[in-house]
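Q: After the sequence you'll find the predicted model.
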Amino acid sequence: MTTSVAFEKARAEGRAALVGYLPAGYPSVDGSITALRAMVQAGVDVVEVGLPYSDPLIDGPVIQRAVDGALRAGTTTTDVLRVVEAVAATGAPAVVMSYWNPLGRYGAAAFARDLAAAGGSGVITPDLTPDADDAWLPAAREHGLDTVFLVAPSSTDERIAMTTASCRGFVYATSVMGVTGTRDQVSDAASVLVSRTRATTELPVAVGLGVSDAGQAAEIAAFADGVVVGSAFVRRMLEAPDEPAGAASVAELAGELAGGVRRR
């Protein structure tokens, strides 16, 4: 299933899509596969597989801890592709969340080829803008991959239009300025940003950065096409005493959030 189909399916059911993130390789490669599969079974529509990187610019302390653990365990880009393949086998679209540096080192053309071969649907590139790229877009288009770029409350209307023109699959709208992490309430800027983004594209718009519970998911689902949750899932993994408990905990949260996007 592609991300577009997942969003269309959710829309047909009168709800927003639930997008869930975990970094590949934490607490182990197999452990992350088990947890991500459990999230899909519990109601996550689109999976973000994080590619661990040593300088995570927009990731808050929760995700940084898990990413550091994955790197210390020796997680490689090849491992990330194995996680993608396992997630894609569930039928849910798997998109890689990655900063540009590791993709550039791997090679844009090679990564696009290998991600497509693994069944991946696309890549979210938080530190790459379409106008700063002359390698990724052609490679992604050649292999039919979604290119998901970010828009922020500070983005001008011109920047939003330029960004969405290069997006495929969906647009990632950041609800706040700053790093990732759960927050006590949804930013008022989020709904305004979604409206401004929709004025430039017919692609689904998913909102992320800060969602921590079913109530917030329901609040965002009332005005966005998708709800992105990362740190809340990662915290469940960090707090679990072992891998099976971690998988059970993220599945529990996924079920709660899935209920939230359905009761908007």
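A: Yep, it's here.

Q: thought residue 217 was touching residue 263?
A: No. The pair residue 217 and residue 263 does not pass the contact test of C-beta atoms under 8 Å, sitting 9.1 Å apart. Placement of C-beta: from N, CA and C, glycine included.

Q: who's more crowded, the two?
A: For residue 217 versus residue 263, neighbours defined as other C-beta atoms under 10 Å are more numerous around residue 217 (28 against 13).

Q: Doesn't that one belong to a helix?
A: Yes. Counting by DSSP: H, G, I helix; E, B strand; the rest coil, residue 217 is part of a helix.

Q: Make 2 the starting number, not 1.
A: Okay, residue one is now 2; in that scheme the one you just asked about reads as residue 218.

Q: mind checking how far it is from residue 257?
A: As judged by C-beta to C-beta, to the nearest Å, residue 218 and residue 257 stand 8 Å apart.

Q: Residue 65 too?
A: 24 Å.

Q: do the same with residue 249
A: Taking C-beta to C-beta, one finds residue 249 at 13 Å from residue 257.

Q: same thing with residue 206?
A: 23 Å.

Q: try residue 79
A: 34 Å.

Q: With residue 93 instead?
A: With distances taken as C-beta to C-beta, residue 93 is found 18 Å from residue 257.

Q: The two - which one has more neighbours?
A: Using other C-beta under 10 Å, the more surrounded residue of residue 93 and residue 257 is residue 93, with 21 against 16.

Q: need the contact list for that one.
A: If you count contacts by C-beta atoms under 8 Å, 6 or more residues apart in numbering, residue 93 has them with 2, 7, 41, 45, 46, 47, 48.

Q: does the residue lying closest to residue 4 once chain neighbours are set aside count as helix, strand or coil?
A: Leaving aside its sequence neighbours, residue 4 sits nearest to residue 170 (C-beta to C-beta, 6 or more residues apart in numbering; 4.0 Å). Following three-state DSSP, the label given to residue 170 is coil.

Q: And for residue 96?
A: strand.

Q: Looking at strand pairing, list the partners for it.
A: Under DSSP bridges, the beta-bridge partners of residue 96 are residue 49, residue 123.

Q: who's in contact with it?
A: Per C-beta under 8 Å, 6+ apart, neighbours of residue 96: 4, 47-50, 121-125, 147, 149, 170.

Q: Please, where are all the strands along the stretch 152-265 of the chain?
A: With strands called from DSSP state E, counting those that start in this stretch, the stretch 152-265 of the chain shows them at 172-175, 206-209, 227-230.

Q: Looking at the ones you listed, spot the one closest to residue 21.
A: Closest to residue 21 of the strands of the stretch 152-265 of the chain, according to C-beta to C-beta: strand 227-230, at 5.6 Å.

Q: Quick check, pLDDT for the residue nearest the centre of the chain.
A: Closest to where the C-alpha atoms of the chain average out (C-alpha atoms, centre = their mean) is residue 49, at 3.7 Å. Residue 49 carries a pLDDT value of 98.

Q: wait, it sits on residue 24?
A: No. Taking contacts as C-beta under 8 Å, residue 49 lies outside contact range of residue 24: 9.3 Å.
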